[in-house]
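> Please work out how this folds:
(4 chains)
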Protein chains: 2
Amino acid sequence: MQRTNFGGMACSIARTLDVIGEPWSPLILRDVWVGATRFDQIQADLGISRKVLTERLNHLVDHGVLDRRPYDQRPRYEYVLTEKGAELVDLLIVMTGWGDKWLAGAAGPPVLYRHHACGEISNAELRCAHCGKPMHAGDITPLAGPGSGSTS
Amino acid sequence: MQRTNFGGMACSIARTLDVIGEPWSPLILRDVWVGATRFDQIQADLGISRKVLTERLNHLVDHGVLDRRPYDQRPRYEYVLTEKGAELVDLLIVMTGWGDKWLAGAAGPPVLYRHHACGEISNAELRCAHCGKPMHAGDITPLAGPGSGSTS
DNA sequence: AGCTTGAGTTTCTTGAGGGAACCCTGATTG
DNA sequence: CAATCAGGGTTCCCTCAAGAAACTCAAGCT
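All right, here's what the predicted structure looks like:
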């Protein structure tokens, strides 16, 4: 096996990587999210090899992140986000925010997000689902959970 | 070139992937975050090839995500998160949340996070930095920003 | 009958990932 | 003072995934 399979690790990060950690997968998800839902659209937009795109799409469908469905009498298919897939968009939003801040440079961010609720162009921030205060690297302590596999 | 380089795309997701999108990189970051900061610790914890670990660590240091510094008179080094790297932990937190929800199964999440501000075990949620309301896939519309490269 | 379009397959080449052994430097030990 | 040890990598070789480009196939259109 060339690439190690992360899915078996007792780690939600590793398991998530097993689903969307392969090269191109997050970009494919982004394309589907913003409306490029067909094979040739995604292929042309990303410049990805058709072979790899086929593999990635199948993988994402197998994991329930995308749904493949016909849109014509002819054998034509489009890919749409499932609920599971739509929640992965959170990840894309956070990636965008980090890239905007640290990698965009003087040109500024390539894409902006308008938030429907307030109508403003804005960014996302992580907040504690319990108390609503910010939740970043230094604000939390990891501890073993029920699925940790530890015997304690 | 076997793997396409995403860094040149006008897309913050692609640029972020260029920094931490390679296999293992997010897991290395997690290890450093939770205190496995030395070469052999990370290697043993992940079971990653030493060659690949060397490459990844160099890449992360080159991109300013990790800092390599001596911790002894002997040639011994540890890797620590820079501010840029610490903000990437947001990404790990979101990945954890998604993996916990969709992949953990009956065993439950392998790791829990205690939030210092409220003392509770909790998850992170994405909220608009402007109005504070939830910000997920359906709540926003992407539009071209200043660094989009479009001529308009 | 032939052209077009969308959606993949197939073939071939290259190079990254994995494994295991090896190397180097500066303590520590017998 | 030679031998050992530990941390932190290198080197070598092999396999398999990524990339590029050509090919296929089915349904409609002309």
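
> Who's the closest spatial neighbour of A:L29, skipping the chain neighbours?
Nearest non-adjacent residue to A:L29, counting by C-beta to C-beta, 6 or more residues apart in numbering or on different chains: A:L88, 6.0 Å away. Using the backbone N, CA and C atoms, a C-beta is placed for each residue, glycine as well.

> Work out for me the element the one you found sits within.
helix A:83-103 (DSSP states H and E).

> just how off-centre is that helix within its chain?
Centre-to-centre, helix A:83-103 and its host chain are 7 Å apart (C-alpha atoms, centre = their mean, to the nearest Å).

> got the angle between that helix and helix B:83-103?
180 degrees (axes from the mean of the first three to the mean of the last three C-alpha atoms, to 10 degrees).

> so for helix A:83-103, what's the average pLDDT?
Mean per-residue pLDDT for helix A:83-103: 96.

> hang on, A:W102 packs against B:K84?
Yes - at 5.4 Å, A:W102 counts as touching B:K84 under the criterion of C-beta atoms under 8 Å.

> tell me which residues of the helix holding A:L88 are tucked away?
For helix A:83-103, the neighbour count (16 or more other C-beta atoms under 10 Å in any protein chain shown) marks A:84-100, A:102-103 as buried.

> tell me the contacts of the residue nearest to A:L29?
A:L88 sits next to A:20, A:29, A:65, A:81, B:98 when contact means C-beta atoms under 8 Å, 6 or more residues apart in numbering or on different chains.

> Same check on A:L92?
So A:L92 contacts A:26, A:29-30, A:33, B:13 (C-beta under 8 Å, 6+ apart).

> ditto for A:H116
B:139-141.

> re earlier: could you pick out which of the contacts of A:L88 are located in strands?
Residues of the contacts of A:L88 located in strands (DSSP state E): A:L81.

> The most centrally placed residue in chain A and A:L81: what is the separation?
Centroid-nearest residue in chain A, with C-alpha atoms, centre = their mean: A:L88, separated by 4.2 Å. Distance of A:L88 to A:L81, given as C-beta to C-beta, to the nearest Å: 8 Å.

> anything in contact with each of these two?
A:29, A:65.

> Relative to the whole chain's centre, how far out is the helix or strand encompassing A:A44?
Using DSSP H and E, A:A44 maps to helix A:39-46. Relative to its chain's centre, helix A:39-46 lies at 17 Å (C-alpha atoms, centre = their mean).
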